[in-house]
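Engineer: only geometry, no sequence info:
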């Protein structure tokens with residue numbers, strides 16, 4: 001019979017694996033949305049896949065917190081999502097700068113005529 005701490009450590013490992021997979025999927029989703037040429041054959045995908053497979057050993061050796069790698073991956077996925085959304089908003093709302101004269105005319109005002117100097 002195995003000790004209770006064995007099963008609790010196995011459950012913790014499974015939870016971390018699920019969190020890592022969720023973070024990996026989030027990053028992949030955002031990369032697909034932001035780069036239409038992104039695919040499972042791209043070098044970025046291969047790099048991410050390798051990092052996810054190796055994260056457990058790396059995390060155990062280098063991390064101070066138990067879920068540090070998953071947290072960093074979640075933050076990166078959120079960063080990608082936010083950057084994509086900002087670009088979409090800038091594209092949608094950012095091209096309509098008006099001149100002072102156009103803005104004045106919009107609210108029914110006219111600007112004084114400029115005098116030419118001789």
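Structural biologist: That came through, no problem. Source: prediction; values computed, not measured.
Engineer: okay, CA-based contacts and neighbour counts for the rest of this
Structural biologist: Fine.
Engineer: contacting residues around the residue nearest the centre of the chain?
Structural biologist: The residue lying closest to the centre of the chain (CA atoms, centre = their mean) is residue 80, at 1.7 Å. Residues counted as contacts of residue 80 (CA atoms under 8 Å, 6 or more residues apart in numbering) are 27, 30, 31.
Engineer: 7 Å - rerun?
Structural biologist: Residue 80 makes contact with residue 30, according to CA atoms under 7 Å, 6 or more residues apart in numbering.
Engineer: Give me the buried positions along the helix or strand containing it.
Structural biologist: Element membership for residue 80 (DSSP states H and E) is helix 68-93. Of the residues in helix 68-93, 69, 70, 73, 74, 76, 77, 78, 80, 81, 84 count as buried by neighbour count, 16 or more other CA atoms under 10 Å.
Engineer: Name the surrounding residues that touch the very next helix or strand once past that helix.
Structural biologist: Where DSSP H and E defines the elements, the next helix or strand beyond helix 68-93 is helix 100-106. Here helix 100-106 makes contact (CA under 7 Å, 6+ apart) with 110, 111.
Engineer: now helix 100-106, how far from the centre of its chain.
Structural biologist: 39 Å (CA atoms, centre = their mean, to the nearest Å).
Engineer: what's the answer for stretch 100-111, then?
Structural biologist: Counting by CA atoms, centre = their mean, stretch 100-111 comes out at 41 Å from the chain centroid.
Engineer: got it, and stretch 90-106?
Structural biologist: Stretch 90-106 sits 30 Å away from the centroid of its parent chain (CA atoms, centre = their mean).
Engineer: What's the end-to-end length of it?
Structural biologist: 23 Å (CA to CA, to the nearest Å).
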